[in-house]
Each structure stands twice: as structure tokens, then as C-alpha cells.
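Engineer: predicted model and sequence below, questions to follow.
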Amino acid sequence: MPTREHLIYNPARECMSRDELRAWQGARLAETVKREYENVPMYRARMDDKGVKPEDIRSVEDLKYLPFMEKTDLRDYYPFDLLASPRSEIVRIHGSSGTTGKPIVSGYTANDVEVWSEMMARTLTAAGCTKEDIVHVSYGLGLFTGGFGAYQGANRIGAMVVPMSSGNTQRQIMMMKDLGSTILCCTPSYATYLGETIREMGLVPGRDLKLKAGCFGAEPWTEEMRLRIEELLGVDACDIYGLTEIAGPGVAFECLEKHGMHINEDHVIAEIINPATGEQLPYGESGELVFTTITKTGMPMMRYRTHDICTLTDEQCACGRTLARMGRITGRTDDMLVIRGVNVFPSQIETVLVSTHGVAPHYMLIVDRVNSSDTLEVQVELTEDMFGDTIGHMEAVRKHITNQIKSVVGIATKVSLVPPKSIPRSEGKAKRVIDKRKL
Amino acid sequence: MFIKQISVFLENKVGVLREVSELLGRANIDMMALAVADTQSFGIVRIIVKDHEIDPALDILRANGYIAKVNNVICAEVQDKPMGLASLLAIIEEAGLSVEYMYSFLRGSTGGRARMILRLSDGQKGLKVFDLHGIRVLEQAEIDAL
């Protein structure tokens, strides 16, 4: 039984029977694979390698014959070599961190923007958003998908959008109060920070603020954080999931049951695989999440390995949706970190350090969460080349490295210069990260 | 002329300064002047030793994992009385130079004279200006003889 009233944006799609859904998926998959094979040399080559032809792919069961895609493929075919539509049909670019210096980008056709907007409209509706609502968007509006995703979804519903983007917390709160924002979209750590600041300002949610729900994502969080945010802001805190490669936020979303995120399976097919063997695992088992897009035309993705670890379930949800749900992300199969909603790979930072004159390739990343906000300290071993006799010189060196990292990774870090050989050397794979966050 | 100074990078943590002092002390190296500059995360210790002790000092420090470098500083005399330092600084300022750091060199300061170790924004120009104003600058040989 539902524990409360549920709003569903597109019941015809979100509540179709599993059989109907599978038939829908099979047909869209076949179309997409054909498009990929015919338009993208990389897909053709990979499929030829495996001896798979587009006509071999007729149903969801055939998915397992297709090759996997990795984030490195987006780097290697950057920026436009994976487009499955003519360049002139691409109406939008979004991007996120790559594993080295360059970002990865995804190209969207008008169709893809619509698909994504639909996903986010469902996401917001599931959190209780209607056209009467005021949606406060504190995700960054830019190359990062967060802000645009929330904006488009709210637009689709016809709600009022307040595109605040990130930063300037006092002003965010003032606008939230003055306009009477009802739905908040931001990272869970920023939601906590907003909540704490609201309390410090002496404001009382419910009296001074009208927030009722929030869609929080772009970084992993816990049930404890959910309770904290709900208490601080007086909202229902719903988890959302997404990635630029697949669309953006809204690939999966929680309903007010808050019991796993519904995957927009009429647009993407989710699989769980054994990360070591690539073999498909049954629902309920923990493994690596893999997505295949079946309605995108700009830059469709075939069996894209997210490296996120979670489980899937297709048990019927009390909200009425039949869409399968994914559990919380419990880890990564690679060394990617999520810092204040931004994906960071240690290899990106390494690229910066080795290309900075005089800097040794020995570094350690220390991640922590201070006052609800992630911090990243980059410890860099000092070399004689970097050492100057004045504090001014040393600060300039530190500043230079900080700026270089910021320009590549996109986030502010605290660079610490440490004595040579003070970072432990390891025999095998170097341990580059100490994550002190309790997630 | 300039004199030589050793600068050592220190992590800002308990015991590092003691270790540096011990390393040099055990090698019987006499620190004639020393100054510590610190920030929240690191420090720089600057040391004056006699010329022939510079290389042994660097070897010991580097062998123990320290980053150390030799650089040129000026050792200038001022009158050891109120306004003595102020008049030296006025000369520096008038010449359009700035002091990057400064500390006092106590050894052998006699006859109403005090010695200051200085690093200026432009050391060569500083030496010329001091010469012009009759500020006495110590040579390395004089330091070594102290």
C-alpha cells in the first residue's frame, strides 16, 4: 500500500507492465543499435570485432552480445567522433570530467534534450512537483548537466524555475524565502549546508520557508544524511541519479516511498554486471551498473560502464510505477571521487602535477567533509626546483598548482607542500587517496 | 658583497626544528644566526654558517630528506641604538626596494653596531645603495673569521 499520495508525470510509460516494457525496449534497442552501427565507425568496428550485426539485436536478451563502452572511449573519440546524427542536428553540448586533463562531452539532438526533459519532469513530479510549484535550482548551470536538467524538467511541468546556480548561500536563502520556493534541487551536501545556514540565520522552515521537497543528487549520500536534510529543511529528500554520458540527472529518481531510484527504463536499459568478467548478474545482486540508451539520437551509448556499484530490483513499488529501481551507490569499481558533486579522478590531478615544472609525481589526495562540504587536500612533495627561499615564493608555487588543478578538474582544492619522501611509497599500486568521509 | 645563507624547507610539525638543529650540531656545525619563517602548513628556516661548513651542512640535511638551498643575502651593520634600524629601512625604502625578510645577526655585534641579515627585492641594487650611503656590509670572509 502506498504510504502517501503519489504524482506520476507519465503513467502510460512509468506504469506499463514489465512485458510491455521489455517489448518497447527491444524495439528501441534494435533501432538504436542500427543507428550506431550505421553512423559511428567506432561502434561498427567494435561490433564487427565481436561478430555482431545490427540484425542480431532484436530484444533485450540480445544486449549481452554487444560490446561495452568506457569513459575512456569518450576521451579517445572526443569531441564529435561518437555522434550518431549529423553535427548540424546537435543542439547542445554538456560535459563532465574525463579521467585525464580533458573533459568528456556529450552532444544532444533536440530529441535528446526532450528525452532528458521528460526524465527530469518525471523526477520532479515524483517528488511532488506540479505547475503550482516554485523550483529553486542550486545546481550549477553550465557545462555540468545538473542545473540545465532541473531547469528543463521544471519547464516541462510548467512550474516556476528559479535558476540560482551554485554559490552565494545568503542570497540563495533570501530568494528562497522571498519567492516562496517549494522544491529544491542541489547536491545533498549543499542541501545540508543550506539547512544549517538557514538555522543559523534564525529562519524556521515551514514558517519562513515553503520548501516541501528536494531532488538531491550528483554525489553519493546516506540515509543518515537524508534524515538530517529532512529535519533541517522540513522537506522530503529524494535521491536522483544521472550522468552526462547517458543524459544527465534524472536517469533514475526516487518517488516519495524513498525506497530506491526508479530507472527511466523506457529510455535506458540498466544491467548489473560482474565488473571483473563483464557477465550479467541477476536482479538483487550487487555489481557494476551499465546503461544502454535506447531513445537518444545524438550520442547514444551502448552498454556504458558507469563503474558505480549498486543493486537493481524490479519488485513493484507502492507508488504504482513498474519501473525497476536501483539501490544507493555503494562504491566504485575505479578510483573516481565525487567532490561537491564533481567527478574527480586521481589521474586528472596527476596529469596536472607531472606537467607542472619541477613538481614530483608523488602526491596524496585527502578527502574529508567539513561543515557538510567536501574538501580535497592535495599533498604534493616538494622538490629542490620548487623550493624558493621566501614565503612569497612558496605561496606562489602553491597558488600556481592550485590554479592548474582548478582549471583541469574544476574545483578548488587545498594544495599542501610536504617534504620529499614523506608520502608513503608502495610496492604495488600506489595508494593515492585517503577518504575520511563517512558515507 | 653578499654572504651565503642556507634555507631549509620544514613541515609545520613538532620536532622538525629540533631535528635540523641536532643534525647540524652532531656534525659540529656552528649555527651563527638563524631565523624561522612559518605559515600554517610549512616553514622555512634560514641559517648562517661559516663558508666551509656550508657543503657539509647541505649534505647532512639532504641525506636526511630535507630540501635545502644556498642563497645570497646581505649582512649590513646598523647603529645599535633607537632609530638605528629605522634609518637603514628608510634608505631601502627611498631606493624603491622592499625587504623580503630580515633578521638580526648577533654574533660579534660590538662597538655600538648591530648586524642585520637582509634579503631585498633587488639585492644588487641594495648593495649599491648601501655603498652610496656608507652602510657597512660584511663580506663572507669576515663572517668566517668571527
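Structural biologist: Sure thing, it's come through. Numbering: from 1, shown residues only, chains lettered A, B, ... in the order given.
Engineer: surely residue A:234 meets residue A:209?
Structural biologist: Yes - Residue A:234 is in contact with residue A:209 according to CB atoms under 8 Å; the separation is 7.4 Å. To be clear about C-beta, it is placed using only N, CA and C from the backbone, and glycine gets the same treatment.
Engineer: neighbour count winner among those two?
Structural biologist: residue A:209 (23 against 17; other CB atoms under 10 Å in any protein chain shown).
Engineer: distance of the more buried one from chain B?
Structural biologist: 37 Å (CB to the nearest CB, to the nearest Å).
Engineer: repeat that for residue A:108.
Structural biologist: 44 Å.
Engineer: can you verify that residue is assigned to a helix?
Structural biologist: No - under DSSP: H, G, I helix; E, B strand; the rest coil, residue A:108 falls outside any helix and is assigned strand.
Engineer: how deep is the closest residue to it other than its chain neighbours tucked in, by neighbour count?
Structural biologist: Spatial nearest neighbour of residue A:108, chain neighbours left out: residue A:92 (4.1 Å); criterion: CB to CB, 6 or more residues apart in numbering or on different chains. The number of residues packed near residue A:92 is 15, by other CB under 10 Å.
Engineer: and residue A:92, which of the three is it?
Structural biologist: Secondary structure assignment for residue A:92 (three-state DSSP): strand.
Engineer: do the same with residue A:190
Structural biologist: Going by three-state DSSP: residue A:190 is helix.
Engineer: and it, what's its pLDDT?
Structural biologist: The confidence metric pLDDT takes the value 91 at residue A:190.
Engineer: which residues touch the closest residue to it other than its chain neighbours?
Structural biologist: Spatial nearest neighbour of residue A:190, chain neighbours left out: residue A:138 (6.0 Å); criterion: CB to CB, 6+ apart. Each residue near residue A:138 by CB atoms under 8 Å, 6 or more residues apart in numbering or on different chains is listed here: A:164-166, A:172, A:184-186, A:190, A:194.
Engineer: of those residues, the lowest pLDDT goes to which?
Structural biologist: Taking pLDDT as the measure, those have their low point at residue A:166 (87).
Engineer: how deep is residue B:64 tucked in, by neighbour count?
Structural biologist: Neighbouring residues of residue B:64 were enumerated by other CB under 10 Å; the total is 12.
Engineer: tell me the secondary structure at the residue lying closest to it once chain neighbours are set aside.
Structural biologist: Distances taken as CB to CB, 6+ apart put residue B:23 closest to residue B:64, at 5.8 Å, once the chain neighbours are dropped. Under the three-state scheme (three-state DSSP), residue B:23 adopts helix.
Engineer: beta-bridge partners for residue A:366, please?
Structural biologist: Per DSSP bridges, the residues bridged to residue A:366 are residue A:377, residue A:434.
Engineer: hang on, isn't it packed against residue A:380?
Structural biologist: No - counting by CB under 8 Å, residue A:366 does not reach residue A:380; the two are 11.8 Å apart.
Engineer: show me which of those two is the more surrounded one.
Structural biologist: Neighbour count, other CB under 10 Å: between residue A:366 and residue A:380, residue A:380 has more, with 24 against 16.
Engineer: for that one, which non-adjacent residue is closest in space?
Structural biologist: Closest residue to residue A:380 apart from its sequence neighbours, by CB to CB, 6+ apart: residue A:363 at 5.3 Å.
Engineer: do the same with residue A:304
Structural biologist: Using CB to CB, 6+ apart, the closest residue to residue A:304 is residue A:69 (4.6 Å).
Engineer: in contact with the one you found, which residues?
Structural biologist: Counting by CB under 8 Å, 6+ apart, residue A:69 touches A:301-305.
Engineer: what does residue A:378 give?
Structural biologist: Applying CB under 8 Å, 6+ apart, the residues near residue A:378 are A:349, A:363-365, A:401, A:405, A:413-416.
Engineer: counting by contacts, list what the helix or strand hosting residue A:20 packs against.
Structural biologist: Following DSSP states H and E, one finds residue A:20 within helix A:18-39. Applying 3 or more CB pairs under 8 Å, 6 or more residues apart in numbering or on different chains; DSSP states H and E, one finds that helix A:18-39 makes contact with helix A:41-50, strand A:287-293.
Engineer: let's have those in TSV, adding distance to chain B, mean neighbour count and mean pLDDT.
Structural biologist: Converted to TSV, the helices and strands packed on helix A:18-39 look like this (distance: least, CB to the nearest CB, whole Å; neighbours: other CB atoms under 10 Å in any protein chain shown; pLDDT from 0 to 100):
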stretch	distance to chain B	mean neighbour count	mean pLDDT
helix A:41-50	46	15	97
strand A:287-293	38	24	98
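Engineer: which of the ones you listed sits closest to residue A:431?
Structural biologist: Nearest to residue A:431 among these is strand A:287-293; the distance by CB to CB comes to 21.9 Å.
Engineer: how does chain A divide into domains?
Structural biologist: The domain map for chain A lists A:11-334, A:338-435, with the assignment taken from automatic domain parsing.
Engineer: now do the end-to-end distance for the longest one.
Structural biologist: By CA to CA, to the nearest Å, the extent of domain A:11-334 from end to end equals 37 Å.
Engineer: cool, and stretch A:213-221?
Structural biologist: First-to-last distance for stretch A:213-221 - CA to CA - comes to 17 Å.
Engineer: from the chain's centroid, how far away is it?
Structural biologist: Mean-position distance between stretch A:213-221 and its chain equals 10 Å (CA atoms, centre = their mean, to the nearest Å).
Engineer: contacts for that stretch, please.
Structural biologist: A:123-124, A:127-129, A:139, A:146, A:150, A:182-189, A:191, A:229, A:233, A:235-242, A:249, A:253, A:256, A:328-329, A:338-341, A:374, A:439.
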